[in-house]
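1. sequence? don't have it. structure:
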């Protein structure tokens with residue numbers, strides 16, 4: 001996923017909310033707390049208030065040092081431990097909303113962390129991707145070979161339903177590639193058999 005201004009994936013990933021703990025009192029932004037007051041702009045956010053802030057706004061708040069970031073639950077210890085145990089067992093699409101862009105959201109979180117935390121996050125994302133990639137490609141090739149009839153309800157289907165948006169794209173590309181390769185082999189075999197006669 002690129003951070004292009006016009007990238008739908010980037011827009012969806014930036015729409016995720018992250019928990020911020022305010023370090024200072026911030027006037028005239030009380031509407032961020034979701035209050036029902038009509039004059040919400042006059043409300044003060046007092047430290048140490050904890051509020052979920054959209055990613056696109058969190059950049060400014062964090063860089064202004066008004067608040068600290070709390071690592072979101074989709075990248076917390078529970079998820080990390082589950083990924084360490086078996087990356088294929090984690091339903092990444094269920095961890096974040098908006099199309100299940102877990103890797104994209106993680107990349108954006110990684111961009112605002114300090115170097116040490118960013119390296120840990122990068123390691124989690126990379127290991128999860130590597131641990132799941134073989135299964136994504138294997139299932140894509142398997143279901144490309146089965147065609148429409150391959151809709152069994154089992155652990156493989158559960159895995160496919162839990163794919164992140166990036167993994168779904170790779171699945172579709174690998175499936176199409178497998179179909180094209182199969183067609184090429186079939187056409188190549190017919191051509192070879194026709195020249196032998």
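-> Received the coordinates, thanks. Please read these numbers as outputs of a predicted model, since none were measured by experiment.

2. Residue 59 versus the nearest residue to residue 88 once chain neighbours are set aside, what's the distance?
-> Of all residues not flanking residue 88 in the chain, residue 135 sits nearest, at 5.1 Å (CB to CB, 6 or more residues apart in numbering). Every residue, glycine included, has its C-beta placed from N, CA and C. Distance, residue 135 to residue 59, by CB to CB, to the nearest Å: 34 Å.

3. Repeat that for residue 117.
-> Counting by CB to CB - residue 117 and residue 59 are separated by 16 Å.

4. Now residue 133: closest residue in space that isn't a chain neighbour?
-> residue 170 (7.4 Å).

5. Next up, the contacts around the residue nearest to residue 171 when sequence neighbours are not counted.
-> Take residue 171 and drop its neighbours on the chain: the residue closest to it by CB to CB, 6+ apart is residue 140, 4.7 Å away. Applying CB atoms under 8 Å, 6 or more residues apart in numbering, we find residue 140 in contact with 170-175, 178.

6. try it again with 6 Å
-> By CB atoms under 6 Å, 6 or more residues apart in numbering, the contact set of residue 140 is 171, 174-175.

7. Which helix or which strand is home to it?
-> Residue 140 belongs to helix 115-146 when assigned by DSSP states H and E.

8. if I look at the residue lying closest to residue 26 once chain neighbours are set aside, how far off is residue 113?
-> Spatial nearest neighbour of residue 26, chain neighbours left out: residue 45 (4.6 Å); criterion: CB to CB, 6+ apart. Taking CB to CB as the criterion, residue 45 is separated from residue 113 by 23 Å.
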